[in-house]
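Asker: my questions are about this predicted structure, shown below with the sequence.
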Amino acid sequence: MSNQPNDNPVLDQDFDLEKEIASWNFGDDFEGEDGEGNFLEGLIESEKARWAEKIWPVVRGIDFVKRPVTPAKAYVEDFLYAGCLSALIADAKAGKTTLTWAMIRAMLHGDVFLGKPTKRGKVLYISEQGEISFRHQLQRRCPEGWYEQILGNPEFYMILPEDHKLKDVLSQTVDASGW
């Protein structure tokens, strides 16, 4: 395995960290500190934590308070703000999808949503659903005409699991190994 910056196996989508570590030769009689051979499990967890830091770096509170304060820009007042990751969490069939698509439609057209003004603009929708499930759900749940109004709008973008590029995200992370 080469140590070239662009030849990192973790940036490969098919890379399996647990398999890679398990392939390292520690010798037949190797045992962990507790005599039970748990060193390998600890090493795997340690490597997973190291990569988690690169994806979600830890920020010290003292550094956080030194950051400039950015004014909150509402796309949908009381619901959605610039620079924020929003999650809508509720029981199944509680109306999450219907609410979300109504908000998206309002944002794409600059319409009022639940009595609140929206800022017309681009929408990026990131889904955990695959394309087949996503399309089926959207066609079933959106009121008539909304499917075309949303997906046909040039300001609507989406990311589906089959389209994501994990290696691109990992290649842009900051090295957090020194903290």
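Answerer: Arrived safely, thanks for sending. Numbering: from 1, shown residues only.
Asker: ranges for the helices of the chain?
Answerer: Applying DSSP state H to the chain gives helices spanning 17-22, 39-55, 61-64, 96-109, 131-141, 146-151, 166-171.
Asker: lowest average pLDDT across the ones you listed?
Answerer: Mean pLDDT is lowest for helix 166-171 among these, at a mean of 54.
Asker: these two touch, right, A74 and C84?
Answerer: No: assessed by CB atoms under 8 Å, A74 is found out of contact with C84, at 9.9 Å. Any C-beta I mention is one placed from the backbone N, CA and C, and that applies to glycine too.
Asker: isn't E128 right next to M158, touching?
Answerer: No: at 11.7 Å, E128 does not count as touching M158 under the criterion of CB under 8 Å.
Asker: ok, these two, which is more surrounded?
Answerer: Each of E128 and M158 has its neighbours counted (other CB atoms under 10 Å); M158 has more, 15 against 8.
Asker: ok, the more buried one - contacts?
Answerer: Counting by CB atoms under 8 Å, 6 or more residues apart in numbering, M158 makes contact with L124, Y125, I126, S127.
Asker: and if you look at L160?
Answerer: L160 neighbours (CB under 8 Å, 6+ apart): S127, Q129, G130, E131, F134.
Asker: kindly state the pLDDT recorded for it?
Answerer: pLDDT at L160 comes out at 85.
Asker: ok, the one 5 residues further on next?
Answerer: Each residue has a pLDDT score; the one for K165 is 62.
Asker: now V69
Answerer: With respect to pLDDT, V69 has a value of 88.
Asker: and it, how many neighbours does it have?
Answerer: Count around V69 with other CB under 10 Å applied: 6.
Asker: with the one 3 residues further on instead?
Answerer: Per other CB under 10 Å, the neighbour tally for A72 reads 10.
Asker: wait, it touches L80, no?
Answerer: No: checked against CB under 8 Å, the pair A72 and L80 is beyond contact range at 10.7 Å.
Asker: ok so, going back, neighbour count added to the contacts of L160, as JSON lines?
Answerer: Shown next, in JSON lines, are the contacts of L160 (neighbours: other CB atoms under 10 Å):
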{"residue": "S127", "neighbour count": "15"}
{"residue": "Q129", "neighbour count": "13"}
{"residue": "G130", "neighbour count": "11"}
{"residue": "E131", "neighbour count": "13"}
{"residue": "F134", "neighbour count": "16"}
